[in-house]
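Peer 1: Could you work out the structure for the sequence below:
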Amino acid sequence: MGWTIVQEQQAQEEYENELAEHYLYELVRQFASAARRLALYDCKTCLKELEQLPVAHQRSASVLVMVGKVHYEMQDYASAERAFRSAREIEPYRLWDMEVYSTLLWHLQRNVELSYLAQELLNINPQSSQAWIAIGNLFSLQKDRNQALTCFRRASQLDPSCAYAFTLSGHETIDENLDKSINFFESALRVDARHYNAWYGLGTCYLRASKIRRAEYHFKKAMEIHPNNAVVLGCVAMTLERRKQLDTALSYYNKAIEVSPENALVRYRRAKMMVSMRKYNEAIQDLEYLRRTTPEEANVIFQLAKVYRLIGDAVKSAQALAVARDIAPKSLNKMKRLLETVRDDGDDKMDEG
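Peer 2: Got it, this is the predicted structure:
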């Protein structure tokens with residue numbers, strides 16, 4: 001006996017409902033998986049999973065903000081800015097995650113854009129922590145530390161669960177009062193124990209206080225949460241270097257540069273350590289790379305001149321010194337010390353530690 005028209009219609013509706021439910025399930029599953037990857041700071045995998053979403057959803061504000069946060073964590077600030085800007089064009093009244101966007105603009109030194117964002121967020125909701133963090137970042141960019149701290153305090157009063165406000169307060173006070181800065185970072189961790197920025201901030205405080213083992217502990221806690229952050233990896237390497245564990249430190253520097261090859265500071269620190277290990281050829285490779293990518297940085301040129309002098313290449317040393325003199329003509333004492341550097345004729349081979 002064949003199906004009636006009504007039965008066929010019911011079967012078709014049930015089939016279409018199942019397809020719709022499966023589509024929604026897959027969509028939510030993919031989005032949740034990407035969100036989990038972001039929470040674990042597995043940034044590359046998160047980007048791959050977001051790229052598998054349907055195109056319409058890839059262009060949604062929520063996904064664009066996630067893309068922006070991923071690029072921000074990878075220190076690809078230009079891509080992060082594009083994603084956040086696109087998200088704000090779609091949802092101009094969005095508050096969620098705008099505190100990250102304001103910090104991104106702080107890193108990029110975008111005073112006008114940050115001022116506009118702060119004003120917009122304040123107009124949307126003057127009682128939001130995101131607005132006051134943006135205003136605080138603006139004052140911080142303008143070097144008005146007291147006003148910045150006032151704004152961050154207001155953000156934490158409006159939202160006591162906002163670890164980010166405490167962390168930014170800690171970074172704002174780190175140059176003036178280490179104890180106060182430590183208290184802010186500890187307050188952030190009481191709110192969110194996985195806030196790696198606060199662990200990193202505590203490590204920085206203890207490093208400045210020359211408490212190397214405590215600094216190493218806190219940097220490693222930050223690294224456990226965000227294992228692919230080049231700055232954190234470089235700081236772990238720095239503490240190990242201070243403790244004369246040079247081979248282990250070198251492995252962390254290598255990992256940091258593998259994660260972020262364009263990070264100039266980490267590469268410079270690795271080069272300096274390799275000079276102390278008498279790995280001169282490797283040091284020259286790093287310094288020449290930095291010379292190409294940051295030609296205006298005098299310290300790199302001075303270090304390069306020193307290494308060439310150590311291996312007995314007087315011509316290249318003199319050439320580098322001439323460039324350094326043009327870039328930093330006031331560094332006469334550094335030039336005199338460099339000219340006192342003599343060739344390393346030790347028994348060890350040049351590239352052995």
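
Peer 1: Might you list the low-confidence residue ranges for the protein?
Peer 2: Judged by pLDDT under 70, the chain has its weakly predicted residues at 1-2, 329-353.

Peer 1: So for it, the centremost residue is which one?
Peer 2: To find the centre residue of the chain, average its C-alpha atoms and take the closest one (Cα atoms, centre = their mean): that gives Gln75, at 4.7 Å.

Peer 1: So it sits against Ala230, correct?
Peer 2: Yes - checked against Cβ atoms under 8 Å, the pair Gln75 and Ala230 is within contact range at 6.8 Å. C-beta coordinates here come from the backbone N, C-alpha and C atoms, glycine included.

Peer 1: picking up where we left off before, where does the residue nearest to the centre of the chain fall, phi/psi-wise?
Peer 2: Gln75 adopts backbone torsions of phi 60, psi 30, taken as degrees, to the nearest 10.

Peer 1: That one and Met238: what is the separation?
Peer 2: Plainly put, Gln75 is 18 Å away from Met238 if you go by Cβ to Cβ, to the nearest Å.

Peer 1: likewise Glu16?
Peer 2: As defined by Cβ to Cβ, Glu16 lies at a distance of 60 Å from Met238.

Peer 1: if you count what's nearby, which of the two comes out ahead?
Peer 2: Met238 (22 against 10; other Cβ atoms under 10 Å).

Peer 1: Find the helix or strand that that one is a member of.
Peer 2: Counting by DSSP states H and E, the secondary-structure element that holds Met238 is helix 230-242.

Peer 1: Dump the C-alpha coordinates for that helix into PDB.
Peer 2: Taking C-alpha atoms only, helix 230-242 is exported to PDB below (Å, rounded to 0.1, in the frame of the first residue of the first chain):
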ATOM      1  CA  ALA A 230      57.000  34.000  22.800                       C
ATOM      2  CA  VAL A 231      57.300  36.800  25.400                       C
ATOM      3  CA  VAL A 232      56.600  34.300  28.300                       C
ATOM      4  CA  LEU A 233      58.900  31.700  26.800                       C
ATOM      5  CA  GLY A 234      61.600  34.400  26.500                       C
ATOM      6  CA  CYS A 235      61.200  35.400  30.100                       C
ATOM      7  CA  VAL A 236      61.500  31.800  31.300                       C
ATOM      8  CA  ALA A 237      64.700  31.600  29.200                       C
ATOM      9  CA  MET A 238      66.000  34.800  30.800                       C
ATOM     10  CA  THR A 239      65.500  33.500  34.400                       C
ATOM     11  CA  LEU A 240      67.300  30.300  33.500                       C
ATOM     12  CA  GLU A 241      70.100  32.300  31.900                       C
ATOM     13  CA  ARG A 242      70.500  34.300  35.100                       C
END
